[in-house]
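>>> attaching a predicted model along with its sequence, questions to come.
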Protein chains: 2
Amino acid sequence: MIFFDNASTTKARKEALDVFNNFNENYFYNPSAIYKNGQEVSKLINKARADIINCLGGGRFDNFIFTSGATEANNMVLKGLLKNKNSKILVSIVEHPSVYNVAVDLKNQGYNVELVKVKSDGRIDEEDFLSKIDENTALISIMHVNNETGAINDIKRLVSLAKSKNKNVIFHCDGVQAFGKVKVNVSALGVDLYTISSHKINGLKGIGGLYVKTGINIKPLIIGGGQEKTLRSGTENTAGIYSFATTCKLAVSEQEEKFAKTTSLKDKMIKGLEKINNVKINLPQNENVSPYILSISVLNGKAETILNMLEDKGIIVGNGSACSSKHKDNRILSSMGIKMSEIEGSLRVSFSSNNTEEDVDYFITEFENVVNEYLKSTNRRN
Amino acid sequence: MIFFDNASTTKARKEALDVFNNFNENYFYNPSAIYKNGQEVSKLINKARADIINCLGGGRFDNFIFTSGATEANNMVLKGLLKNKNSKILVSIVEHPSVYNVAVDLKNQGYNVELVKVKSDGRIDEEDFLSKIDENTALISIMHVNNETGAINDIKRLVSLAKSKNKNVIFHCDGVQAFGKVKVNVSALGVDLYTISSHKINGLKGIGGLYVKTGINIKPLIIGGGQEKTLRSGTENTAGIYSFATTCKLAVSEQEEKFAKTTSLKDKMIKGLEKINNVKINLPQNENVSPYILSISVLNGKAETILNMLEDKGIIVGNGSACSSKHKDNRILSSMGIKMSEIEGSLRVSFSSNNTEEDVDYFITEFENVVNEYLKSTNRRN
């Protein structure tokens, strides 16, 4: 199968599995135990933490909390920084469900939650953003790279705008589709919290974490034995954590090279798609879009049917966000002003550096066949 | 090293790792994706779920939610069944921190939380238990096997007593130290919810789950893409889940044989310990104690020093609950009426079926030497 759904999940790389297996063999002890073998594991976990903070460009005293993944980390942020129901939470309308749905839940509980609009390029509408920040705004959560469109927000600028209007505001950024793919430096961005995930960058599933700048007091979501300085209890997924650090180091060291390769693959695909009738690219492709994600629509198409026809040709693509594809909504594309008739035929093509130019050539040929076949058959029916 | 701290964590068995590696190689797709490869993974996850429900003796329509571990599952229960601050939550004073500390946190938030006492054998004081159940009692959480003492509660009887006093009460049982070690059948026990963990039974860390009887409406702790029928969002730790099911099936199929082997190891150890001066076994050893856990005290000893001296001899034991050993408290043993002078020298010896009779012989010899050496050196100082 040619896999173009890498924004949904990726295959774990060999190094990630090797480290995992080795750790389970040699360091299975509980890091909370006071004996030497346990303490050695505890030190290795802290080495992994330091390595990841380093990958993120965080400072020496900054913190990083290991969680079971990005969804848990995002839940922790939205629920763990609440003070009272009057303080305002601001999230964008295109956030991942692990931010958006928590925000909606909080709103239903009576919290003061507001949604920031995006423009037709999928990026934050700065005017709307600024107008919604006031002295009551306690927390802002804006994603770095959108998971359906690839739109990259200028987080550095948004943090600066937000803090100049209210210096006490806490800024969280969901960096799941950014980290390891585009350049990320949390210190330069100025964010207070930043979420990352392992399985989106060819690491294992079930592990992720949250960067927390020194001085940000977040409450735990999961309470118990007091692991992670009481911020995340539960016996640590030690082998997963150590494997995650290896994955992060590799992803960051290869980031520029892979960015260039993916950019070239995506450019090639766009050139091919532009020649196919009834196919539309859903947002302007420029330096403000990740090379890893391409949102397209088959005009008057039904995404699910086309996706199945492509799978029969040995090609896998996604339809919108895989994380919520069973519960399909049109929140993200519709918030960009895209028509329903185009949304219904929308597909997400997402790359990894494992994809090749031949994959793209094959995709273009087969995709054109599928689109023509599909439209012919629906025309016959009409 | 001879490892007698198996209640803290265990080394993952080969089968658990093999399944994990194979799954990552062949089934890395996102189970939320609508294409066939994704749906195949979704079916495998549901097969793992059915296998685990079967291992637990749950009914056909019963549910099981995969979580990142038992601590998350216990947090989910205590926070996810709350209705209002008047409804009462009852937990025992000897619960694991992932229940106890959540209960304390809820009490601090103004919820009506009461603690049930235990008797000197570490088991629930039934008189106290019954006296604290009334029409406002909404949730009871009582562990199956205590993690520090091995005391086994008669969960079936406690459920029956509780429901005969208030038929609407929801009964949760933390089965982390029971499942795969003693006989567990959730239907026969009559519990509404039951927590289990992978890494305590030679499975991988970072995976566990919660049995939820049909009809029990629990709220999610982690919200997002709607995985696990919206009860636990986040991309599933698919390989971890499938490996967990394998671990459970093996543990249950081997349970009786390993129970017998561990019983014989523990009996041998008790006989050896009874001959050592200044060593006390902290609770009566009978059919109401798990063969996997033995709580002992060195009279006038300091546990940490003795534990380190043992480690120098190549023996690892625990001091109380490893899950909270960095934050040592005396809650469990002191609630059983054990004197502080004995608590300070308390050690937890916990077995696995990987331990041998030779391990026990070596332990007895070296432990006697260590105790004598320790007491001689402290007497010299005094």
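On my side now, so go ahead. From a predicted model like this one, the values you see are computed outputs, not experimental measurements. Numbering: from 1, shown residues only, chains lettered A, B, ... in the order given.

>>> residues contacting the closest residue in space to A:G190 that isn't next to it in sequence?
With sequence-adjacent residues excluded and distances taken as C-beta to C-beta, 6 or more residues apart in numbering or on different chains, A:G190 is closest to A:V159, at 4.0 Å. Where C-beta positions appear, they are placed from N, C-alpha and C, glycine not excepted. With contact set as C-beta atoms under 8 Å, 6 or more residues apart in numbering or on different chains, A:V159 has these partners: A:F171, A:L189, A:G190, A:V191.

>>> looking at the residues you listed, which one is closest to B:T246?
A:V191 (40.4 Å; C-beta to C-beta).

>>> before we move on, what SS does the closest one have?
Here A:V191 is recorded as coil under DSSP: H, G, I helix; E, B strand; the rest coil.

>>> check contacts around it.
The contact partners of A:V191, taken as C-beta under 8 Å, 6+ apart, are A:I155, A:V159, A:F171, A:H172, A:C173, A:Y211, A:K213.

>>> if we use 6 Å, what do you get?
Residues in contact with A:V191 (C-beta atoms under 6 Å, 6 or more residues apart in numbering or on different chains) are A:V159, A:F171, A:C173.

>>> out of those residues, who's nearest B:K85?
Of all the contacts of A:V191, the one with the least separation from B:K85 (C-beta to C-beta) is A:F171, at 33.1 Å.

>>> which strand residues bridge that closest one?
A:I140 (DSSP bridges).

>>> buried set for the helix or strand of chain A with the lowest mean pLDDT?
Here the helix or strand of chain A ranked lowest by mean pLDDT, DSSP states H and E is helix A:340-343, holding a mean of 89. The neighbour-count check on helix A:340-343 (16 or more other C-beta atoms under 10 Å in any protein chain shown) flags A:E342, A:I343 as buried.

>>> could you identify the helix or strand that succeeds that helix?
As assigned by DSSP states H and E, the chain's next helix or strand after helix A:340-343 is strand A:346-350.

>>> residues in contact with that following strand?
By C-beta under 6 Å, 6+ apart, strand A:346-350 touches A:4-7, A:148, A:292-297, A:303, A:317-319, A:333.

>>> and the angle from the helix or strand that comes right after that strand to strand A:346-350?
Toward the C-terminus, strand A:346-350 is succeeded by helix A:357-381 as the next helix or strand (DSSP H and E). For helix A:357-381 against strand A:346-350, the angle by axes from the mean of the first three to the mean of the last three C-alpha atoms, to 10 degrees is 170 degrees.

>>> do a quick rundown of the helices in chain A.
A:14-26, A:36-56, A:70-80, A:97-108, A:126-131, A:155-165, A:186-189, A:238-253, A:255-274, A:303-312, A:331-335, A:340-343, A:357-381 (DSSP state H).

>>> quick one: contacts of the least confident helix or strand of chain A?
Residues contacting helix A:340-343 (C-beta under 6 Å, 6+ apart): A:S297, A:N330, A:L333.

>>> ok, stretch A:248-265 next?
A:D51, A:I52, A:C55, A:G180, A:I201, A:P291, A:Y292, A:F351, A:S353, A:N355, A:V360.

>>> cool, stretch A:192-207 as well?
Taking C-beta under 6 Å, 6+ apart as the rule, stretch A:192-207 contacts A:9-10, A:12-13, A:16, A:68-70, A:73-74, A:77, A:170-176, A:179-180, A:186, A:208, A:210-213, A:216, A:237, A:240, A:243-244, A:247, A:251, B:206, B:235, B:237-238, B:240.

>>> cool, and stretch A:24-35?
Contact with stretch A:24-35 is made by A:37-38, A:41-42, A:45, A:236, A:239, B:8-9, B:11-12, B:311, B:316, B:322, B:325-326, as judged by C-beta under 6 Å, 6+ apart.

>>> same deal with stretch A:289-309?
When contacts are defined by C-beta under 6 Å, 6+ apart, stretch A:289-309 is touched by residues A:7, A:145, A:149-152, A:181-182, A:262-263, A:266, A:278-282, A:319, A:342, A:344-351, A:370-371, A:374.

>>> thinking again about what came up before, most widely separated two among the contacts of A:V159?
Greatest spatial distance in the contacts of A:V159: A:F171 and A:L189, 8.7 Å, computed using C-beta to C-beta.

>>> and A:P97, how many neighbours does it have?
Other residues near A:P97 come to 24 when the count uses other C-beta atoms under 10 Å in any protein chain shown.

>>> ok, A:N369 next?
Quick note: A:N369 (other C-beta under 10 Å) scores 14 neighbours.

>>> OK, contacts around it?
Applying C-beta under 6 Å, 6+ apart, no residues qualify as near A:N369.

>>> what of A:T9?
A:H199, B:N30.

>>> ok, now A:V360?
So A:V360 contacts A:L265, A:K268, A:M269 (C-beta under 6 Å, 6+ apart).

>>> rerun that using 10 Å as the cut-off
A:2, A:4, A:264-273, A:349, A:351 (C-beta atoms under 10 Å, 6 or more residues apart in numbering or on different chains).

>>> between those residues, which is closest to chain B?
Among the contacts of A:V360, A:F4 lies closest to chain B (C-beta to the nearest C-beta), at 10.8 Å.

>>> what number of residues lie near the residue nearest to A:R232 when sequence neighbours are not counted?
Leaving aside its chain neighbours, A:R232 sits nearest to A:I65 (5.2 Å; criterion: C-beta to C-beta, 6+ apart). Other residues near A:I65 number 21, with proximity taken as other C-beta under 10 Å.

>>> A:G234 is in contact with A:I65, correct?
No: with contact defined as C-beta atoms under 10 Å, A:I65 does not reach A:G234; the gap is 11.7 Å.

>>> tell me, what's touching those two both at once?
By C-beta under 10 Å, 6+ apart, the residues touching both A:I65 and A:G234 are A:Q227, A:E228.

>>> residue contacts, A:Y211?
A:52-53, A:56-58, A:62-65, A:73, A:172-173, A:175, A:179, A:184, A:186, A:191-196.

>>> so it bridges to which residues?
Beta bridges link A:Y211 to A:F64, A:Y194, judged by DSSP bridges.

>>> same check on A:K280?
Beta-bridge partners recorded for A:K280 (DSSP bridges): A:S297.

>>> determine which two of the contacts of stretch A:24-35 are furthest apart.
Distance extremes for the contacts of stretch A:24-35: the farthest pair is B:A12 and B:K326 at 23.3 Å, using C-beta to C-beta.

>>> quick one: residues contacting the residue nearest to A:K219 when sequence neighbours are not counted.
Nearest residue to A:K219 in three dimensions, chain neighbours excluded: A:G80, at 4.2 Å (C-beta to C-beta, 6+ apart). Counting by C-beta under 10 Å, 6+ apart, A:G80 touches A:A73, A:L139, A:L193, A:L210, A:V212, A:I216, A:N217, A:I218, A:K219, A:P220, A:L221, A:L231.

>>> thank you kindly, that will do.
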